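Novice: Give me the fold of what follows.
(one chain, ligands or ions: 2)
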Amino acid sequence: MNTERNDAPAASNFIRNIIDDDNRTGKWGQRVETRFPPEPNGYLHIGHAKSICLNFGVARSYGGVCHLRFDDTNPEKESVEYVESIIDSVRWLGFEWEKDGKEQLYFASDYYEKLYEFAELLIERGKAYVDSQSAEEMRASRGSATEVGTPSRFRDRSMQENLDLFRRMKAGEFQEGEHVLRAKIDMSSPNFNMRDPVIYRIRFAHHYRTGDTWCVYPMYDYTHCISDALENITHSLCTLEFEDHRPLYDWILNELAEAGIFTRPLPQQIEFSRLNLTYAITSKRKLLQLVTEGHVDGWDDPRMPTIVGLRRRGFTPEGIQLFCERIGVTKVDSWIDMSVFEGALRDDLDEKAPRTAAVLDPLKLIIDNFPEGLTEPCSAPVHPHHPEQGVREFPISRELWIEREDYNETPPKGYFRLFPGNKVRLRYGYVIECTGADKDENGNIVAVHCNYFPDSKSGTEGANNYKVKGNIHWVSAADAYPAEVRIYDRLFKEPQPDAGGRDFLEALNPDSKRVVNAYLEPGARHAQPEQRYQFERHGYFVADRVDSKPGRPVFNRIVSLRDSWGKPA
Ligand code: ATP
Ligand code: MG
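Specialist: Ligands and ions are numbered 1, 2, ... in the order given. Model (predicted):
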């Protein structure tokens, strides 16, 4: 499992500093409770992974707990399908939400009763009122950055009238948009969020959990802080766009503390910068568009930055965690380059992926002096840094598959692979000397010919008598496993596909998926779904978890061996 890396001391950051201070002053005793609060309106993506690693990671390293809470107050967009996939993704990333044997899994919709009750309390305390202005009137009276807002003509309704109207809103007596409930704060605040924000609206919508019980739904800002307080969250970590909402968060909790509902200290909201990753998109709405318009093959398309897509692509939870550790948390919004993500993956995979040979663009190689019908066993380490993992065995025979690019009739300077008259080593096999190639009527090369040196086999004494510069991989034609291999690349060809409100679809990389018929080392036939390999000289690959059949795995390229993106080939 992935506990080792998590138990390593985590890099310090400003959030840990706040927690350390709190622990020093004893603000929360030594309690650390965080939460990850997704809205179940889509699949999680790599941006969420940052928040997950942070929230669960902080809780874990301080011996606390992180709640998984579904922030489900928008009935129209939410569903059980999303809830289930989110639960799955967080688990797969390596996190748990148990404490003392109890699951800390929550739904904001479970708080509807309480949220409603507290809203009545705010009304009774003169801190909320029913506004009956039209949406346009409300917008117009909000003011601007330079002008204060204008109080609604309904702002001074009596407490009794407010209570009556709010109850009738709940009872379904009004149309959507006829009334809203607003917190009574300050229409002249420089902060828009404090200009009497709406905290309840009427929606005749079916909720995936509460059905048709409710026709008034609480707003995000109102719900979130109260959910935190009800769950005794200590540190409520969110992204920077909520910085301006913090005064409202504090105002609501403070009012409810004044009313005797919550005790102090109250949960503290702390903002950090969201992850922006180049060559990717992290907006659920845009990801949805990619799926519904068929630009990708579903949410788990291996090119998607969704957790289900990354998983199917072959990314590891540990690689994703390593990436999140490396980027750290700050308060400054910035772009992280995709190569940093891919680098973390390579670092993780290099250590764990067994090696195998794969010919992705096959060209026949015929060893003319190799006896027909003969096969010789060859062997290679499963992992070059881990001899304890043993060796893998595969045969060599007269006809092999090699990479098309490993033969070049008119080699450029510095080309050490196959061309007539040149010698190379067949990796873990023999040294051969190229004698020429067969062509079809159009001049395309259809087979390369060579002779081998029977005393040059790798691992034998004779091998040392041959000094060659080229070393190429191969598989025996009669024994190879012919497999479908999907060569995935970045989904977008531009680093910031949606920058400046541009149409991100125009930046789609037309070559992000290429399917090839490859020949693999015979052992690859037995790969289980999600088994990962390094295909020597190519990169890291995984047996697709959806389309692989027993004995017939299909492979996805996770990432190439080196970062060659944007550089000339
Ligand atoms: P989107 O804008 O794509 O709909 P969201 O922020 O509305 O995303 P939520 O389900 O509300 O999605 O997010 C759950 C948590 O994940 C929030 O705390 C949010 O701040 C965090 N989060 C979302 N996107 C990112 C990101 N790119 N980087 C870091 N944290 C993120
Ligand atoms: Mg959100």
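Novice: Domain ranges for the chain, per the record?
Specialist: Here the domain parsing of the chain from automatic domain parsing is 14-105+221-285+314-341, 112-220, 357-476, 481-559.
Novice: among those, which is nearest ligand 1?
Specialist: Ligand 1 sits nearest to domain 14-105+221-285+314-341 of all the domains of the chain, at 2.2 Å, using CB to the nearest ligand atom. Yep, even glycine has a C-beta here, placed from its N, CA and C like the rest.
Novice: related to what we said a few turns ago, can you put the domains of the chain in a markdown table and add distance to ligand 1 and mean neighbour count?
Specialist: Shown next, in a markdown table, are those (distance: least, CB to the nearest ligand atom, whole Å; neighbours: other CB atoms under 10 Å):
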| stretch | distance to ligand 1 | mean neighbour count |
| --- | --- | --- |
| domain 14-105+221-285+314-341 | 2 | 19 |
| domain 112-220 | 8 | 16 |
| domain 357-476 | 34 | 16 |
| domain 481-559 | 12 | 18 |
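Novice: Adding mean pLDDT and distance to Pro302, write those domains out as a markdown table.
Specialist: Below are these laid out as a markdown table (pLDDT from 0 to 100; distance: least, CB to CB, whole Å):
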| stretch | mean pLDDT | distance to Pro302 |
| --- | --- | --- |
| domain 14-105+221-285+314-341 | 96 | 8 |
| domain 112-220 | 97 | 28 |
| domain 357-476 | 97 | 16 |
| domain 481-559 | 96 | 5 |
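Novice: Same list, those domains, but as TSV with distance to Val296 please.
Specialist: Formatted as TSV, the entries for the domains of the chain read as follows, by distance: least, CB to CB, whole Å:
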stretch	distance to Val296
domain 14-105+221-285+314-341	11
domain 112-220	25
domain 357-476	22
domain 481-559	7
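Novice: wait, which of those domains is closest to Thr292?
Specialist: Smallest distance to Thr292 across these (CB to CB): 10.6 Å, for domain 14-105+221-285+314-341.
Novice: Any idea how far apart the tips of that closest one sit?
Specialist: End-to-end distance for domain 14-105+221-285+314-341: 22 Å, by CA to CA, to the nearest Å.
Novice: All further residue positions should be reported with the first residue as 28.
Specialist: Right, with 28 as the first residue, what we last looked at is domain 41-132+248-312+341-368.
Novice: Now do it: distance to the chain's middle.
Specialist: In terms of CA atoms, centre = their mean, to the nearest Å, the centre of domain 41-132+248-312+341-368 is found 15 Å from the chain centre.
Novice: before we move on, back to that, of all the domains of the chain, which one comes closest to His322?
Specialist: domain 508-586 (6.2 Å).
Novice: Can you tell me what sits against stretch 351-361?
Specialist: 32, 37-38, 40-42, 76-77, 80-81, 84, 267, 298-303, 363, 367, 371 (CB atoms under 8 Å, 6 or more residues apart in numbering).
Novice: Which of those fall in strands?
Specialist: Glu298, Phe299, Leu302, Asn303, Ile363 (DSSP state E).
Novice: Nearest to Leu120 among these?
Specialist: The closest of the ones in strands among the contacts of stretch 351-361 to Leu120 turns out to be Leu302 (CB to CB; 14.1 Å).
Novice: That closest one bridge partners, please.
Specialist: Beta-bridge partners recorded for Leu302 (DSSP bridges): Ser361.
Novice: Can you give me the end-to-end span of stretch 43-62?
Specialist: 15 Å.
Novice: Check stretch 199-215 too.
Specialist: First residue to last in stretch 199-215 (CA to CA) measures 32 Å.
Novice: ok now it, how far from the chain's centre?
Specialist: Offset of stretch 199-215 from its chain centre (CA atoms, centre = their mean): 38 Å.
Novice: now swap in stretch 127-142 and tell me
Specialist: The chain centre lies 26 Å from the centre of stretch 127-142; the measure is CA atoms, centre = their mean.
Novice: CA atoms only: put that stretch into PDB for me.
Specialist: Extracted C-alpha coordinates of stretch 127-142, given in PDB (Å, rounded to 0.1, in the frame of the first residue of the first chain):
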ATOM      1  CA  ASP A 127     -12.700   4.900  16.000                       C
ATOM      2  CA  GLY A 128     -14.400   2.500  13.700                       C
ATOM      3  CA  LYS A 129     -17.000   5.000  12.600                       C
ATOM      4  CA  GLU A 130     -17.300   6.200   9.000                       C
ATOM      5  CA  GLN A 131     -17.000  10.000   8.800                       C
ATOM      6  CA  LEU A 132     -19.200  10.200   5.700                       C
ATOM      7  CA  TYR A 133     -21.600  13.000   5.600                       C
ATOM      8  CA  PHE A 134     -24.100  14.700   3.300                       C
ATOM      9  CA  ALA A 135     -25.100  18.300   3.600                       C
ATOM     10  CA  SER A 136     -28.600  17.300   2.600                       C
ATOM     11  CA  ASP A 137     -28.800  15.400   6.000                       C
ATOM     12  CA  TYR A 138     -28.600  18.800   7.600                       C
ATOM     13  CA  TYR A 139     -31.600  20.300   5.800                       C
ATOM     14  CA  GLU A 140     -33.800  20.200   8.900                       C
ATOM     15  CA  LYS A 141     -31.200  21.900  11.000                       C
ATOM     16  CA  LEU A 142     -30.300  24.400   8.400                       C
END
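Novice: now what about it, what contacts it?
Specialist: Identification of contacts with stretch 127-142 by CB under 8 Å, 6+ apart yields 62, 64, 92-100, 114, 124-125, 234, 236-237, 240-241, 245, 249-251, 253-254, 257-258.
Novice: Looking at those residues, which are in strands?
Specialist: Using DSSP E, these in strands are Arg62, Val92, Cys93, His94, Leu95, Arg96, Phe97, Glu125, Pro245.
Novice: Could you identify the most distant pair in these?
Specialist: Glu125 and Pro245 (27.9 Å).
Novice: quick revisit: save the ones in strands among the contacts of stretch 351-361 as TSV, and put in distance to Phe443 too.
Specialist: As requested, the ones in strands among the contacts of stretch 351-361 are exported to TSV (distance: CB to CB, whole Å):
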residue	distance to Phe443
Glu298	55
Phe299	50
Leu302	42
Asn303	42
Ile363	37
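Novice: residues contacting Glu420?
Specialist: By CB under 8 Å, 6+ apart, Glu420 lies in contact with Pro404, Cys405, Ser406, Gly550.
Novice: if we go to 10 Å?
Specialist: Glu420 is in contact with Pro404, Cys405, Ser406, Ala407, Tyr455, Glu548, Pro549, Gly550, counting by CB atoms under 10 Å, 6 or more residues apart in numbering.
Novice: sec struct for the fourth one, please.
Specialist: Reducing the assignment at Ala407 to three states with DSSP: H, G, I helix; E, B strand; the rest coil gives strand.
Novice: So it sits against Gly456, correct?
Specialist: Yes: Ala407 is within contact range of Gly456, at 9.5 Å (criterion: CB atoms under 10 Å).
Novice: Trp55 in helix, strand or coil?
Specialist: Counting by three-state DSSP, the backbone at Trp55 sits in strand.
Novice: Distance of it relative to Tyr89?
Specialist: The gap separating Trp55 from Tyr89 is 10 Å, by CB to CB, to the nearest Å.
Novice: intersection of neighbour lists for those two?
Specialist: Ile46, Asp49, Thr261, His262.
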